[in-house]
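Visitor: test case, fold it:
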Amino acid sequence: MDDFQQVTNLWRSTDGMSQLESAEELGRFLTRNPDCSILAEENGQLLGAILCGHDGRRGYMYHAAVSALARGRGVGRTMVDYCIGQLRDLKIQRVTLFTLDDNCPAKEFWKHLGFRQRHDITQFAFDIKEFS
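Guide: Numbers count the residues shown, from 1 in each chain. Presented below is the predicted three-dimensional model:
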């Protein structure tokens, strides 16, 4: 990915994004989910990015970020609309995303776009340290 460093810098500057993929992991994700993710640029400047993919049944959005200078201009909504359109074309009927509990601006953004917060799910994770 040619824009890897620029995108990583955007994600690092965004509250709530601490675990970032390596270039290899990101490349694998993009290869597995072609044309689902999006970068927003203006005059060579990165304004925003969303990783989007699916498992054949459900869609997922990760690392949605808009630069501080571009917020409030519809960049986030436009990127989300693109991702949802791509998933719709693939016959995916639901998209899920995760945000930290204390990330109030993100929660408000997603609610404003019509996403609903679920209170009936508890997330579990398991870190796989080695791939043997």
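Visitor: now the element after the lowest-mean-pLDDT helix or strand in the chain, going C-ward?
Guide: Lowest by mean pLDDT, DSSP states H and E among the helices and strands of the chain is helix 4-12, with a mean of 90. Later in the chain than helix 4-12, the nearest helix or strand by DSSP states H and E is helix 23-32.
Visitor: number of nearby residues for the nearest residue to residue 123 once chain neighbours are set aside?
Guide: Leaving out its chain neighbours, the residue that sits closest to residue 123 by CB to CB, 6 or more residues apart in numbering is residue 98, at 7.1 Å. Using the backbone N, CA and C atoms, a C-beta is placed for each residue, glycine as well. When neighbours are defined as other CB atoms under 10 Å, residue 98 has 11 of them.
Visitor: and the longest helix seen in the chain, what's buried?
Guide: Looking across the chain with DSSP state H, the single longest helix is helix 75-89. Buried residues in helix 75-89, defined by neighbour count with 16 or more other CB atoms under 10 Å: 75-76, 79-80, 82-84, 86-87.
Visitor: would you turn those into a markdown table with pLDDT?
Guide: Shown next, in a markdown table, are the buried residues of helix 75-89 (pLDDT from 0 to 100):
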| residue | pLDDT |
| --- | --- |
| 75 | 98 |
| 76 | 97 |
| 79 | 98 |
| 80 | 98 |
| 82 | 99 |
| 83 | 99 |
| 84 | 98 |
| 86 | 98 |
| 87 | 98 |
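Visitor: which of those residues sits closest to residue 58?
Guide: Nearest to residue 58 out of the buried residues of helix 75-89 is residue 87 (CB to CB; 9.0 Å).
Visitor: quick one: contacts for the closest one?
Guide: Going by CB atoms under 8 Å, 6 or more residues apart in numbering, residue 87 touches 36, 52, 54, 59, 95.
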